[in-house]
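Undergrad: Fold the following and give me the result.
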Amino acid sequence: MIFDHVLAWLITFGIAWTIANADGPFGLYSRFRAIVRKRYGEDTWQDSGVNCPICVGFWVAIPVAILMDGGVSMWLSAAGFVTVIMSVSPE
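TA: Residues are numbered from 1 along each chain as shown. Okay, here's the model as predicted:
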């Protein structure tokens, strides 16, 4: 049980950080962030949300928890793990 939660934490963090910060394969993630910026404008909550690993992690944790049959506790703990890691890591 704890192994499943730890695995969900690491998967969620990896995906969220990659979507928010990396270019991704074939530049898909950076294109996605550019589309959001073009559609909603710069310095909007949508633009901030797709560039924030904590925000992205909240939403990424949902399918991770569903795919791992973890439920709400796994979803919230994975989202919380991303928040803790990003809060204690240097900018």
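
Undergrad: Now name the helix or strand holding A61.
TA: helix 53-67 (DSSP states H and E).

Undergrad: Report the buried residues of that helix.
TA: For helix 53-67, burial by neighbour count (16 or more other CB atoms under 10 Å) applies to 53-58, 60-62, 64-65. For every residue, glycine as well, the C-beta is placed using N, CA and C.

Undergrad: which helices and strands sit right next to that helix?
TA: helix 2-21, helix 45-50, helix 71-88 (3 or more CB pairs under 8 Å, 6 or more residues apart in numbering; DSSP states H and E).

Undergrad: Just give me the neighbour total for the spatially closest residue to D47 that is not a sequence neighbour.
TA: Leaving out its chain neighbours, the residue that sits closest to D47 by CB to CB, 6 or more residues apart in numbering is R37, at 5.1 Å. For R37, the count of nearby residues is 16 (other CB atoms under 10 Å).

Undergrad: what about R37, which helix or strand?
TA: Short version, using DSSP H and E: R37 is in helix 28-40.

Undergrad: Report the rounded mean pLDDT for that helix.
TA: Per-residue pLDDT over helix 28-40 has a mean of 94.

Undergrad: Need the pLDDT of the nearest residue to I15 once chain neighbours are set aside.
TA: Among residues not flanking I15 along the chain, V60 sits closest, at 4.9 Å (CB to CB, 6+ apart). As predicted, V60 sits at a pLDDT of 96.

Undergrad: Quick check: V60 vs A79, distance?
TA: 8 Å (CB to CB, to the nearest Å).

Undergrad: so what sits against both of these two?
TA: T12 (CB atoms under 8 Å, 6 or more residues apart in numbering).

Undergrad: ok, S89 - contacts?
TA: Here S89 is in contact with no residues (criterion: CB under 8 Å, 6+ apart).

Undergrad: Surely T12 and V82 touch.
TA: Yes - counting by CB atoms under 8 Å, V82 is a contact partner of T12 at 5.8 Å.
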